[in-house]
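Visitor: this one's structure only:
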């Protein structure tokens, strides 16, 4: 049998787990960004604009990084699902080949 269409499902699943972990790590870092908005308080006397701009920038980056982390995490889930789908389809095809031609 030619296994040119085969994939290493356990390896793809492992990649999915790793990618999901990276996405979760990015989201944890994003959650820490919220504290950055307070880093500029009092940096320059009377510079309210600096503080509000820093707070706005921190919030923007938090949202951006959280979204990126979610996309990466979801991609890891898709890799794991693809590996599972391949194994199920491969197993189903093998079952059909084994029973093909046998009287029912």
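Guide: Happy to help now that I have it. This one's a predicted model, so the numbers in the text were calculated from it and none came from an experiment.
Visitor: was I right to think residue 73 contacts residue 20?
Guide: Yes - assessed by CB atoms under 8 Å, residue 73 is found in contact with residue 20 at 5.2 Å. Just so you know, the C-beta spots here come from the backbone N, C-alpha and C atoms, and that holds for glycine as well.
Visitor: now for these two: what residues contact both?
Guide: Shared contacts of residue 73 and residue 20, defined by CB atoms under 8 Å, 6 or more residues apart in numbering, are absent.
Visitor: for the one helix or strand residue 97 maps to, packing partners?
Guide: Using DSSP states H and E, residue 97 sits within helix 48-99. Secondary-structure packing of helix 48-99 (3 or more CB pairs under 8 Å, 6 or more residues apart in numbering; DSSP states H and E): helix 9-33.
Visitor: and the residue nearest the centre of this structure?
Guide: The centroid of the chain falls nearest to residue 73 when counting by CA atoms, centre = their mean (1.6 Å).
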